[in-house]
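> Need coordinates for the below:
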Amino acid sequence: MKLSSIGQFVLGIFLGISILGISGAAAGYYFFSKMSVVPSKPVYPEERPQSSEDSAKEGEGKGEEEVVSEPEAPKVPLPEGAYRVRVNWPDGLSLRDKPDFDADRLEVIPYDAEMIVLRSNEDGTWDWVRIPGTNKEGWVKAGNSDRIEED
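You can find the predicted model right below:
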């Protein structure tokens, strides 16, 4: 009888450790598999499209950057030497008042938006652009857009 109670004690400890090990491994697998999933890209308030009612409620001139949505405008003839491009940088481009990363940001031009390149600086690293359908102009970093072939 003594051997059987010692055997039961050892068997109980072995089963208890096995159950704890298996449940710990299952919990670890669950949490590590959840952590290995890449989260979706966050959408910041300045990237969300706004209705005209929302922008009227918020008011203009709060000193914040605004997201430029591509207005529907008829294609007008371009100035001499100008050409159309489409933003290919996934995060969009910053429209700046000077050709420098430290310059003030005027607006954010979203991915796949159209711009008109009017000229480039001397070394070709920055482009002076206009946003179609608006009078907004500024500098963007060159090389972050694809030229649109005109028909």
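> Look up which residues are beta-bridged to Met115.
In this structure, Met115 has beta-bridge partners Val85, where bridges are defined by DSSP bridges.
> now it: how far from Tyr44?
With distances taken as CB to CB, to the nearest Å, Met115 is found 21 Å from Tyr44. From N, CA and C alone the C-beta is placed, and that goes for glycine too.
> who's more crowded, these two?
Using other CB atoms under 10 Å, the more surrounded residue of Met115 and Tyr44 is Met115, with 26 against 9.
> Pull the contacting residues for that one.
The contact partners of Met115, by CB atoms under 8 Å, 6 or more residues apart in numbering, come to Arg84, Val85, Arg86, Val87, Ile109, Val129, Arg130, Ile131, Pro132, Val140, Ser145.
> how many neighbours does the last one have?
For Ser145, the neighbour count with other CB under 10 Å is 22.
> For it, give its distance to Leu93.
Going from Ser145 to Leu93 by CB to CB gives 8 Å.
> The third one too?
In this structure, Arg86 and Leu93 are 11 Å apart, going by CB to CB.
> which neighbours do the two share?
Residues touching both Arg86 and Leu93 (CB under 8 Å, 6+ apart): Ser145.
> what number of residues lie near the residue lying closest to Arg96 once chain neighbours are set aside?
In space, Arg96 comes closest to Ala103 once its chain neighbours are excluded; the distance is 4.2 Å by CB to CB, 6 or more residues apart in numbering. Taking other CB under 10 Å as the criterion, the count of residues near Ala103 is 15.
> looking at the chain, which helix or strand is least sure?
None of the helices or strands of the chain scores lower by mean pLDDT, DSSP states H and E than helix 52-58, at a mean of 52.
> distance between whichever helix in the chain runs longest and the chain's centre?
Identified as the longest helix of the chain according to DSSP state H is helix 2-35. Averaging C-alpha positions (CA atoms, centre = their mean, to the nearest Å) puts helix 2-35 45 Å from its chain's average.
> re earlier: ok, of the contacts of Met115, which one's closest to Ile22?
Of all the contacts of Met115, Ile22 sits closest to Val87, with 52.3 Å by CB to CB.
> since we're on the closest one, how many residues are nearby?
Using other CB under 10 Å as the criterion, Val87 is surrounded by 22 other residues.
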